[in-house]
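K.L.:
Next one to model:
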Amino acid sequence: MGDLSKTFRVRDYDLDATLASGQAFRWQSLGQAWEGVIGGRWVRLCAAKDGIAAEVIKPVSDWSWLEEYLQLQVDLGQVLATFPDDEPMRNAVAALPGLRLLRQDYWECLASFILSATKQIVQIRQMVALLSERHGEPIASSGGDPAFAFPTIEAIASCSEKKLRECKLGFRAPNLLGAARDILDEKIDWRRLPTMATDEARGELTKLRGVGPKIADCVLLFAGGHHEVFPVDVWIERALQRLYFPKRRPSAKRLRKFADTHFGPYAGYAQQYLFHHARVHLKLK
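P.N.:
The predicted model follows:
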């Protein structure tokens, strides 16, 4: 036996900001709730008094999978205390109190960020949804649309490039297909990735077609829990330029060095605050 719902007591957790901030792409906002898929489970989440309320469709006796995904055990105050005490960082935290990092499945996170190249969040969500619908296993859900698990590595590897392009992946299709096949062919040490040190794991991931340092760093941060990693993309370059170097034009190398040294042991959290704040509040173009 198990339960169909549970309320987790947690303070300082902004569910809306966390699920909308471009780190995961399986969540849909419906009224006051968010509906999504974690592994093979459909789940509905909403903010509750003193915490987060979760509903599932099949009884659950062990909720550790959700606690891990939402990172409920993290002491956010402890994280924020490590941030640099400067105006851009203070403004981002003030605008987004309770923004968290999720801990995602390695394969789903890698595949999603391979698809993210040159796309905005809404488009990435559409690609991931279509890919899951066509190549993922159907799972029980509540009410409206059917839900689908994210396709396995094996399911993607057995696809043709044409089939993947039909999911509107464009030039990303061969990259995704190549990554899945290389993992199955043991071209990288996939099983050991979660236990590797940051530099070694980054080196393995960037052996995959279509995976550069930015995608690798997103996977390390959002799936691997390497909290010191600060992914740098066009958005973050613009944000760092505007917020920290308003009168200068530092090189990409200088910005990278600044990102690696300025933000402390939880630089990945700092990046997410700056990224979401710049995108939503500062309207950086």
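
K.L.:
CA only for contacts and neighbour counts going forward, please
P.N.:
Noted.

K.L.:
what about V43, distance to V60?
P.N.:
V43 sits 11 Å away from V60, taking Cα to Cα, to the nearest Å as the criterion.

K.L.:
And these two? Which one has more around it.
P.N.:
Taking neighbours as other Cα atoms under 10 Å, V43 and V60 compare with V43 leading, 23 against 15.

K.L.:
Grab the nearest non-local neighbour of the more buried one.
P.N.:
Spatially, and ignoring its direct neighbours in sequence, V43 is nearest to V56 (4.9 Å; Cα to Cα, 6 or more residues apart in numbering).

K.L.:
How about R181?
P.N.:
A157 (5.1 Å).

K.L.:
and K6, what helix or strand is that in?
P.N.:
strand 3-9 (DSSP states H and E).

K.L.:
Dump that strand to PDB, restricted to CA.
P.N.:
These are the backbone C-alpha positions of strand 3-9, laid out as PDB (Å, rounded to 0.1, in the frame of the first residue of the first chain):
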ATOM      1  CA  ASP A   3      -0.400   7.100  -0.800                       C
ATOM      2  CA  LEU A   4      -1.600   9.100  -3.800                       C
ATOM      3  CA  SER A   5      -0.600  12.400  -2.200                       C
ATOM      4  CA  LYS A   6       1.900  13.800   0.200                       C
ATOM      5  CA  THR A   7       2.800  17.300   1.500                       C
ATOM      6  CA  PHE A   8       6.500  18.000   2.000                       C
ATOM      7  CA  ARG A   9       7.400  20.500   4.600                       C
END
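
K.L.:
Go through the helix or strand just after it and flag the buried ones.
P.N.:
As assigned by DSSP H and E, the chain's next helix or strand after strand 3-9 is helix 15-20. Residues L15, D16, A17, T18, L19, A20 are the ones in helix 15-20 that count as buried (16 or more other Cα atoms under 10 Å).
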